[in-house]
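Engineer: Pasting the sequence and the predicted model now:
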Amino acid sequence: MAQTNVNIRMDDTVKRQFDVVCNELGLNMSTAFNIFAKAVVRQNKIPFELSLDPFYNEFNQKRLRDAIANRDNNTVTKTMAELEAMADNE
């Protein structure tokens, strides 16, 4: 079977941690990546779930940007629902 080299860029800390886990499993990183690649080919998908943290959706990001801008401008804006919720908690 012909072989080829693949170069992968990753964070140095992640690489070291990955190497430690592979060694504890009795593997080297090359073997671990080959196992991953074969699983992708066999299953025709990434063999684990990929998801986004809902905190980082566009709505929340806009709210955070607005809050930072309000803080920087020394202004605070609240919706009526937020004000009512604050009053209910007192």
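Structural biologist: That came through, no problem.

Engineer: helices and strands of this protein: which one bottoms out on pLDDT?
Structural biologist: Ranked by mean pLDDT, DSSP states H and E, the weakest helix or strand in the chain is helix 80-88, scoring a mean of 85.

Engineer: who touches that helix?
Structural biologist: residue 78 (C-beta atoms under 8 Å, 6 or more residues apart in numbering). C-beta: built from backbone N, CA, C; applies to glycine.

Engineer: Run the chain-centre distance for it.
Structural biologist: Computed by C-alpha atoms, centre = their mean, to the nearest Å, the chain-centroid distance of helix 80-88 equals 33 Å.

Engineer: Could I get the buried residue list for that helix?
Structural biologist: Across helix 80-88, burial judged by 16 or more other C-beta atoms under 10 Å covers no residue at all.

Engineer: Equivalent analysis for stretch 33-50, please.
Structural biologist: Buried, per 16+ other C-beta under 10 Å, within stretch 33-50: nothing.

Engineer: same deal with stretch 63-79?
Structural biologist: Residues of stretch 63-79 classed as buried: none (neighbour count, 16+ other C-beta under 10 Å).

Engineer: Quote the end-to-end distance of it.
Structural biologist: One end of stretch 63-79 sits 12 Å from the other (C-alpha to C-alpha, to the nearest Å).

Engineer: can you offset everything so residue one is 24?
Structural biologist: Done: numbering now begins at 24, and the last item shifts to stretch 86-102.

Engineer: what sits up against it?
Structural biologist: residue 109.
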